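Colleague: need a 3D model of the sequence below.
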Amino acid sequence: MCGRLNVTDDPLVIGLGEALGIKLSVNTNHDLRPTQELAAIVPQGQLNSRWGIKPEWSDKLLINAQSEKMTSS
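Modeller: Numbers count the residues shown, from 1 in each chain. Okay, the predicted model is just below:
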């Protein structure tokens, strides 16, 4: 996972939401960082969530998880 995201309320994103029957509320943020809130499309509609992975065993948010190393330490 990279350290930044670019979120935009582009008409294509709104059109995608309409095509899926989901009313989206997207706020443009050209420098979204881990721990900040973002909107995601899920089967139930729009989900506002914090960006990042926080496993039960960690005290802090993981932003550079590598799937290649999931089975090794």
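
Colleague: need the contact list for the spatially most central residue of the chain.
Modeller: Centroid-nearest residue in the chain: W51, 5.1 Å away (criterion: CA atoms, centre = their mean). Neighbour list for W51: L5, L32, R33, P34, T35, Q36, E37, L38 [criterion: CB atoms under 8 Å, 6 or more residues apart in numbering]. In this view, the C-beta of every residue, glycine as well, is placed from N, C-alpha and C.

Colleague: export those residues to TSV and tack on secondary structure?
Modeller: Output for the contacts of W51, formatted as TSV (DSSP: H, G, I helix; E, B strand; the rest coil):
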residue	secondary structure
L5	strand
L32	strand
R33	coil
P34	coil
T35	coil
Q36	coil
E37	strand
L38	strand
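
Colleague: mind putting those into JSON lines with distance to G15 and pLDDT?
Modeller: Below are these laid out as JSON lines (distance: CB to CB, whole Å; pLDDT from 0 to 100):
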{"residue": "L5", "distance to G15": "20", "pLDDT": "78"}
{"residue": "L32", "distance to G15": "21", "pLDDT": "87"}
{"residue": "R33", "distance to G15": "27", "pLDDT": "86"}
{"residue": "P34", "distance to G15": "28", "pLDDT": "82"}
{"residue": "T35", "distance to G15": "29", "pLDDT": "84"}
{"residue": "Q36", "distance to G15": "25", "pLDDT": "88"}
{"residue": "E37", "distance to G15": "23", "pLDDT": "88"}
{"residue": "L38", "distance to G15": "19", "pLDDT": "86"}
